[in-house]
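In: Sequence first, predicted coordinates after that:
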Amino acid sequence: MSVLPVTSQADPHPAALHEPCVLLKLGEIVLKGRNRQQFERLLHDNIRRSVRDLGIGIRVWQREGVVVVRVAGGEAGGFGAETAADMIAERLTRVMGVARICRAIRVAKDPQAAVEAAVHLVAGRTGAFAVRARRRDKRFPVTSAELAVMIGARIQREYGLPVNLKSPDTTVFVEVDQHEVFVFTQGWAGQGGLPVGMSGRALVLMSGGIDSPVASYRMMRRGLRCSYLHFSGMPLTGPESVYKAYGLVRQLDRFQGDSRLFVVAFGNAQRRLASSGAGRLQIVAQRRLMLKTGEAMARRLRATALVTGDSLGQVSSQTLTNITALDDAVDLPILRPLIGWDKTEIISEARRIETLAISELPDQDCCSLLTPRQVETRARIEDLRRIEARLDADDLAEELAAAAQEHVPGRG
């Protein structure tokens, strides 16, 4: 695929009457002041990365609060220009940092060209319509209101549709830019947030459950590029949880690309903890060992934080006392984006990002192995450190991290 460089210069050739393109409206990025260009450059890189497997060449132009994505001339990947633009628009709905995606037509900077494009877009529509016109370039020969009236009158003559400015069935948007006019009738909500990678790298402790995939998504939305560490119960269990983790990471990869999953066989380490006399501290002790392993892996990946799906009070191991004991296990910060969410909220978000169905598949979670009849809800850090001293937990964590198997799930 050929991807042409970013440019904000005028097209040297007049705009075609109906050139399909995609407009991306930025949200939080526009508030970044002097650092804004850094955010925009990374967003452009992520835009290219998100469509590179489509085989469609693109050009990315930066405007004031808007990114224009065009199909590079003659590089539609064997698709028609309209189809190529539709495919690009669908893929860009997954890119973090974009507030809204609009599938538009780019036309010459001429009132009549805008009218013709609007008439073309409304063909076949029924119900009432409205026109919303906006001039970024105030030198345009007609005002926004005059342009809206011109377009509305023409649509009424052509199709006889009624006007309803409050609740139209179809809204025609017209945006007059520096060198061209964009016309469109629809848009889709984007992911919002910040471009992935802007906030650094993190390692997500990825179970096969509902919570950790949602936690990962929330952190990607805040600009973190996430890698994943999964603890399976092997050799005490089968590989089912690994398949689930693989499927979840593949699904989450849609939002960042190039995700990496590392799998640690944790069953024997759990058995060693149990035989060390952990008793009621078994769950908290093995969570601490997971975090220590995660810290060792994070150093290898140059990640600067760990991410978990903990939610305060959701299960007995997630009391405030136990969470404090977990924080003591490592020096890296542990990010818990779901700490104040209840289960209903987490499930709703998992359904929205399409990880819920995978999380609900049956498997034998390693955390359910060797679980004591009663779990300690007020773990003492001193007791946990004594257990870890008997196990040489820091060395064990390094061994587990070194033995982790890497998988690259790719885009779902």
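Out: Thanks, I have it.
In: The residue positioned nearest the centre of the chain: what's it in contact with?
Out: In the chain, the residue lying closest to the centroid (Cα atoms, centre = their mean) is residue 255, at 3.5 Å. Neighbouring residues of residue 255 by Cβ atoms under 8 Å, 6 or more residues apart in numbering: 94-96, 191, 196, 217, 220-221, 353. (Glycine included, C-beta is placed from N, CA and C.)
In: change it to 10 Å
Out: 46, 50, 94-96, 191, 193, 196, 216-217, 220-221, 226, 353, 411-412 (Cβ atoms under 10 Å, 6 or more residues apart in numbering).
In: Now rank those residues by neighbours and give me the top one.
Out: residue 216 (30 neighbours; other Cβ atoms under 10 Å).
In: So which elements touch the helix or strand hosting that residue?
Out: Using DSSP states H and E, residue 216 sits in helix 211-221. The criterion is 3 or more Cβ pairs under 10 Å, 6 or more residues apart in numbering; DSSP states H and E, and the helices and strands that helix 211-221 contacts are strand 200-205, strand 224-232, helix 240-252, strand 306-307, strand 334-335, helix 343-352, helix 356-359.
In: average pLDDT across the longest one?
Out: Per-residue confidence for helix 240-252 averages out to 95 on the pLDDT scale.
In: Report the buried residues of that helix.
Out: Judged by neighbour count (16 or more other Cβ atoms under 10 Å), helix 240-252 contains these buried residues: 240-242, 244-252.
In: Out of these, which is nearest to residue 168?
Out: Nearest to residue 168 among these, counting by Cβ to Cβ, is residue 251 at 35.8 Å.
In: which residues does the closest one contact?
Out: So residue 251 contacts 213, 217, 259, 353-355, 357-359, 409, 411-412 (Cβ under 10 Å, 6+ apart).
In: Low-confidence stretches in the stretch 251-400 of the chain?
Out: 364-370, 372 (pLDDT under 70).
In: if you set the cut-off to 80 instead, what comes out?
Out: By pLDDT under 80, the low-scoring segments of the stretch 251-400 of the chain are 364-374.
In: Would you map the helices across it?
Out: Applying DSSP state H, counting those that start in this stretch to the stretch 251-400 of the chain gives helices spanning 267-275, 282-301, 320-327, 343-352, 356-359, 381-391, 393-402.
In: Could you look over those and pick the most buried one?
Out: helix 282-301 (a mean of 23; mean count of other Cβ atoms under 10 Å).
In: what's near enough to touch residue 68?
Out: Applying Cβ under 10 Å, 6+ apart to residue 68 gives the contacts 8, 21-24, 59-62, 104, 106, 177, 180, 182.
In: Export the buried residues of helix 240-252 to TSV and append columns for distance to residue 116.
Out: Shown next, in TSV, are the buried residues of helix 240-252 (distance: Cβ to Cβ, whole Å):
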residue	distance to residue 116
240	58
241	58
242	56
244	52
245	53
246	50
247	48
248	48
249	47
250	44
251	42
252	43
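In: And those, which is closest to residue 29?
Out: Among these, residue 252 lies closest to residue 29 (Cβ to Cβ), at 21.9 Å.
In: and the gap between that closest one and residue 240?
Out: Separation of residue 252 from residue 240 (Cβ to Cβ, to the nearest Å): 19 Å.
In: Repeat that for residue 393.
Out: Residue 393 sits 27 Å away from residue 240, taking Cβ to Cβ as the criterion.
In: what does residue 47 give?
Out: 36 Å.
In: ok, now residue 296?
Out: 26 Å.
In: Next: residue 272.
Out: The gap separating residue 272 from residue 240 is 23 Å, by Cβ to Cβ.
In: And for residue 72?
Out: For residue 72, the distance to residue 240 - Cβ to Cβ - is 44 Å.
In: Likewise for residue 201?
Out: From residue 201 across to residue 240, the span is 29 Å (Cβ to Cβ).
In: so what's the residue nearest to residue 378 when sequence neighbours are not counted up against?
Out: Leaving aside its sequence neighbours, residue 378 sits nearest to residue 321 (Cβ to Cβ, 6 or more residues apart in numbering; 4.6 Å). By Cβ under 10 Å, 6+ apart, residue 321 lies in contact with 284, 376-381.
In: biggest separation within those residues, which pair?
Out: 377 and 381 (14.3 Å).
In: residue ranges of the helices in the stretch 101-250 of the chain, please?
Out: Under DSSP H, counting those that start in this stretch, the stretch 101-250 of the chain gives helices at 111-122, 144-159, 211-221, 240-252.
In: Surely residue 32 is in contact with residue 42?
Out: No - if you go by Cβ atoms under 10 Å, residue 32 and residue 42 don't touch, sitting 11.2 Å apart.
In: Looking only at neighbour counts, state which of the two leads.
Out: A direct count of neighbours by other Cβ under 10 Å for residue 32 and residue 42 places residue 42 higher, at 18 against 15.
In: what about stretch 134-152, distance to the chain center?
Out: The chain centroid and the centroid of stretch 134-152 are separated by 36 Å, computed with Cα atoms, centre = their mean, to the nearest Å.
In: And it, end to end?
Out: Chord length of stretch 134-152, first to last residue, is 14 Å (Cα to Cα, to the nearest Å).
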